[in-house]
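Visitor: Compute the structure for the input listed below.
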Amino acid sequence: MPRPTHCVLLTLLLSPLLATTACNGTHPSPHDPAVTISQLVRDQLTATQRATLESPDSMHLAALDPTPVSFDPKRQRGELMHEYEVLGKTELTAGDRTEAVNAVYESISGNTGVVAACFNPRHGLRASKGDSTVEVVICFECLSLVIVENGQRTASIIIGQDGSKALTSLLTTAGIALAKD
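Guide: Below you'll find the predicted structure:
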């Protein structure tokens, strides 16, 4: 079954709580990344997920095949991240880990309420700390990501494009190309 090549954009209505908080100024300005990211990420990710991402024992960034394995179960598959084949990956240094996590947090904070009705992820981040593993499977085309904690999908979050360049740059610097359409 072929993967959809065009996405339909949907505008999501903000919940009354989010609309009220944005209007009454309790959230910091989106132009103050250090504060805004912290608050928005705190709202979206659990403390364990944040701790695993922010101080992992190991972390790698991967380029993913955007076609889920369920679309073609007979095809030979290598390593998977959630339901997607890893085309290439790089182990991140401490500095690169910070850059990658900031890119994910900036993307969450950059959400404008628009998301596409598809999911074709090309970026994946896997962090491990002790017994905890967190995978962030990201689709910048569709403006959404999925959080997988210890093999269980725990969240689907709409995002902005903010972190795309940083994550793509980390991959290309490591000699890893993203999947083509």
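
Visitor: dump the residue contacts of Pro56.
Guide: Arg97, Ala127, Ser128, Lys129 (CB atoms under 8 Å, 6 or more residues apart in numbering). C-beta here means a position set from N, CA and C on the backbone, and glycine is covered the same way.

Visitor: Assign a three-state SS to the second one, would you?
Guide: This points to Ala127. Secondary structure state of Ala127, per DSSP: H, G, I helix; E, B strand; the rest coil, is strand.

Visitor: Distance of Met81 relative to Arg42?
Guide: Note on Met81: its distance to Arg42, by CB to CB, to the nearest Å, is 25 Å.

Visitor: And the two? Which one has more around it.
Guide: Just comparing Met81 and Arg42: by other CB atoms under 10 Å the higher neighbour count belongs to Met81, 21 against 11.

Visitor: Against Asn150, how distant is that one?
Guide: From Met81 to Asn150 the distance is 14 Å (CB to CB).

Visitor: Can you show me the strands along the chain?
Guide: 9-11, 58-64, 80-81, 84-91, 114-116, 123-129, 132-139, 144-149, 152-158 (DSSP state E).

Visitor: Please convert those strands to CSV, extending it with mean pLDDT.
Guide: Shown next, in CSV, are the strands of the chain (pLDDT from 0 to 100):
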stretch, mean pLDDT
strand 9-11, 36
strand 58-64, 97
strand 80-81, 93
strand 84-91, 96
strand 114-116, 89
strand 123-129, 97
strand 132-139, 97
strand 144-149, 97
strand 152-158, 95
